[in-house]
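Participant: Predicted coordinates and the sequence they were generated for:
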Amino acid sequence: MRRAAPPARWLTRRIDKQRGAGRDDGSYAVEFAVAAAVVLLALLILAVAYQASQSSAAVTAAARKAARAASLTASPAEAEGAADQVVHARITPGSGPCADVSVVTTTISFHAAGTVRVAVTCRTASLFGHRRVVHASADEVIDRYRGGL
């Protein structure tokens, strides 16, 4: 026995479904473009965060080292010079994370068992031109048994 021909209504639905399958053409390209933009934005955010953390760490380390160097000198003038020299050796303005660096050394209690405070301020230049100010300070105790003071 032969099968009867399918009704025309069923045949037209089947043809319409086959034609409708092609309606998603190009959606992969759009999804890929959106996903690529999101990934690129995430990478840029990570780069800015990394740069901010590096500049903050560099300023904090420079302030610590400068305070230590200032506490080992014999006079307040030498302490200011040593702190400035150490900070500018560790952070080169313009070429590193900082576009501009300033150093303030406080030597009010510069005597045996006194303290020296070094404050470092750095103005960073971000990837997008955004400027941020990073500030760090460190105190160091002058050795109470050191002679000559």
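Facilitator: Great, that's in hand.
Participant: Hmm, Val118 and Ala63 touching each other?
Facilitator: Yes. Contact status for Ala63 versus Val118: in contact at 5.4 Å, counting by CB atoms under 8 Å. Heads up, the C-betas are built off the backbone N, CA and C, glycines and all.
Participant: So the two - more neighbours on which side?
Facilitator: Comparing Ala63 with Val118 by other CB atoms under 10 Å, the one with more neighbours is Val118, at 31 against 28.
Participant: So what pairs up with that one in the strands?
Facilitator: Beta-bridge pairing of Val118 under DSSP bridges involves Thr105, Ala138.
Participant: Surely it touches Ala83?
Facilitator: Yes. Applying CB under 8 Å, one finds Val118 in contact with Ala83, separated by 4.8 Å.
Participant: I'd like to know the phi and psi angles of Thr92, please.
Facilitator: phi -90, psi 120 (degrees, to the nearest 10).
Participant: Neighbours of it, how many?
Facilitator: Considering only other CB under 10 Å, Thr92 is surrounded by 11 other residues.
Participant: And Gln85, by the same measure?
Facilitator: Neighbours around Gln85, by other CB under 10 Å: 14.
Participant: what separates it from Ala62, distance-wise?
Facilitator: According to CB to CB, to the nearest Å, Gln85 stands 11 Å off from Ala62.
Participant: Check Arg132 too.
Facilitator: 16 Å.
Participant: The two - which one has more neighbours?
Facilitator: Ala62 (25 against 14).
Participant: Tell me who's in contact with that one.
Facilitator: When contacts are counted by CB atoms under 8 Å, 6 or more residues apart in numbering, Ala62 touches 86-87, 90-91, 120, 136.
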